[in-house]
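Enquirer: just need the structure, nothing else, for what follows:
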Amino acid sequence: MASWKILFHVDKMYSAHVYLRLKKGETIDDISEGVVEDCAAGKPNSIQGKKVNSIDVVYTPLSNLKKTPSMDVGQVGFHNSKMVRTVREEKRIHEIVNRLNKTKVERKPDLKAKKEAVYAAEKTQRKQQLKEKKRREEMQRLEKEREAEIRSYDNLMVPEKMTSNKQIAATNKSFQEVEEDFM
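Expert: As a prediction, the model looks like this:
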């Protein structure tokens, strides 16, 4: 997939989840502290989160979530615990929650069309890379052929470049002069 999705949720409590979609090439380590704070700020709004003073909000790539049939509804595990990050929310920060509520925009995007557009762009990029690879391979093949031709003795033993003893005798050069020309 073109981008990573990060899941934020309150650790060891039921709550709504926050999903953050990263840009292509970004990782969980590239998320700014402010974005993490904003994503975690809404978590104390959960039913259980309102009753406690401090909570831990964990976040991890969606692909790191592990769900087995024996787990309760809403419970998840992780494939790799090194990919799980935790941020502590000591208390509800009303300014952040109010700002987020004021700027909240609910959209109903055509996810299928977006997904198809991303796949089409990736397919075009792969085709371009393949075309470039084939072009480089063809250039390398031609270069090898040219080098092989240069190293080949085939061009040395052609009648136009050969000289017979009669031709040498006709030049009226001595044997030593002919040898010096040869060397």
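Enquirer: spatially central residue in the chain, please.
Expert: Nearest to the geometric centre of the chain sits Gly25, at 5.3 Å (CA atoms, centre = their mean).
Enquirer: what's the pLDDT at that one?
Expert: What the model reports as pLDDT for Gly25 is 82.
Enquirer: how about Glu149?
Expert: Per the predicted model, pLDDT is 86 at Glu149.
Enquirer: in which helix or strand does it reside?
Expert: helix 111-151 (DSSP states H and E).
Enquirer: so where is the chain shaky, pLDDT-wise?
Expert: 1-3, 14-15, 42-53, 74, 90-94, 97, 182-183 (pLDDT under 70).
Enquirer: which residue ranges form the helices in it?
Expert: With DSSP state H, the ranges of helices along the chain come out as 33-41, 94-103, 111-151, 165-170, 175-182.
Enquirer: quick one: which of the ones you listed is nearest Met157?
Expert: In terms of CB to CB, the element of these nearest to Met157 is helix 111-151, at 14.1 Å. Yep, even glycine has a C-beta here, placed from its N, CA and C like the rest.
Enquirer: distance from the chain centre to stretch 71-90, please.
Expert: 25 Å (CA atoms, centre = their mean, to the nearest Å).
Enquirer: what residues does it touch?
Expert: For stretch 71-90, contacts defined as CB atoms under 8 Å, 6 or more residues apart in numbering pick out 9, 11, 14, 28, 36-37, 40-41, 43-44, 53-61, 63-68.
Enquirer: may I see the buried residues of that stretch?
Expert: Val76, Val84, Val87, Glu89 (16 or more other CB atoms under 10 Å).
Enquirer: the last one pairs with what?
Expert: Glu89 has the following beta-bridge partners by DSSP bridges: Ile55.
Enquirer: tell me the contacts of Ala169?
Expert: Residues counted as contacts of Ala169 (CB under 8 Å, 6+ apart): none.
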